[in-house]
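Visitor: Give me a 3D structure for the following:
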Amino acid sequence: MKQTDSEKITKEIFIECRPQTLFSFFTDPDKLVRWMGKHVLLEPKIGGKYRIDANGSDIAIGEYLEIVPYEKIVMTWGWEKSKVVPPGSSTVEFQLTPKENGTNLVLTHYDLPVGEIPSHQQGWSHYMPRIKQFAEGQDPGVDPWSVVSMH
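Guide: Okay, the predicted model is just below:
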């Protein structure tokens, strides 16, 4: 299938913290769970698996494909029990670039079925401000999505 712009999501956000600090929010389960999901299991190494239980019924599963300390994390992405976006069927890349007094975070989600773009677009629009708040030392509180089913 030919890759077109409609099959990927790109989000960019500036976060006032060092890349080293931000990086840990993708590799430390105690930090990741503060901005996404209610239960998180991570094996942050190449080929390592992760499992993010968003709300008790929607569970994201995949594995780490690439980890460049403080610069980039690439992981496969999919939903347990989903036939449309099964585990391993799409890829999420987080690129961290130092900028002035912080880090520019660029998320790119590839290989999504076109019909799934809006819900994933909405999902990342929800989670990106949360990681920003936590990484900048604020507390956005319990994720309201962790108590409701999205699918």
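Visitor: From the contact counts, what lies against the helix ranked longest in the chain?
Guide: Longest helix in the chain by number of residues (criterion: DSSP state H): helix 117-135. Packed against helix 117-135, as judged by 3 or more C-beta pairs under 8 Å, 6 or more residues apart in numbering; DSSP states H and E, are the following elements: strand 9-15, helix 19-27, helix 29-35, strand 102-110. Using the backbone N, CA and C atoms, a C-beta is placed for each residue, glycine as well.
Visitor: how about stretch 87-97: buried residues?
Guide: For stretch 87-97, the neighbour count (16 or more other C-beta atoms under 10 Å) marks 87, 89-96 as buried.
Visitor: Let me know the closest of those to residue 23.
Guide: Ranked by distance to residue 23 (C-beta to C-beta), the buried residues of stretch 87-97 are led by residue 96 at 6.3 Å.
Visitor: show me the contacts for the nearest residue in space to that closest one that is not next to it in sequence.
Guide: Computed as C-beta to C-beta, 6 or more residues apart in numbering, the closest residue to residue 96 that is not its neighbour in sequence is residue 19, at 4.5 Å. Residue 19 is in contact with 70-71, 96-98, 103, counting by C-beta atoms under 8 Å, 6 or more residues apart in numbering.
Visitor: which outside residues touch the longest helix of the chain?
Guide: By C-beta under 8 Å, 6+ apart, the residues outside helix 117-135 that reach it are 6-7, 9, 11, 13, 15-17, 21-22, 25, 31, 34-36, 85, 105, 107, 109, 112, 139-140, 143, 145, 150.
Visitor: Spell out for me the ChimeraX command that would select the buried members of these.
Guide: Here is the ChimeraX command that selects the buried residues among the contacts of helix 117-135 (16+ other C-beta under 10 Å):
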select :7,9,15,17,21,22,25,31,34,35,36,85,105,107,109,112,143,145
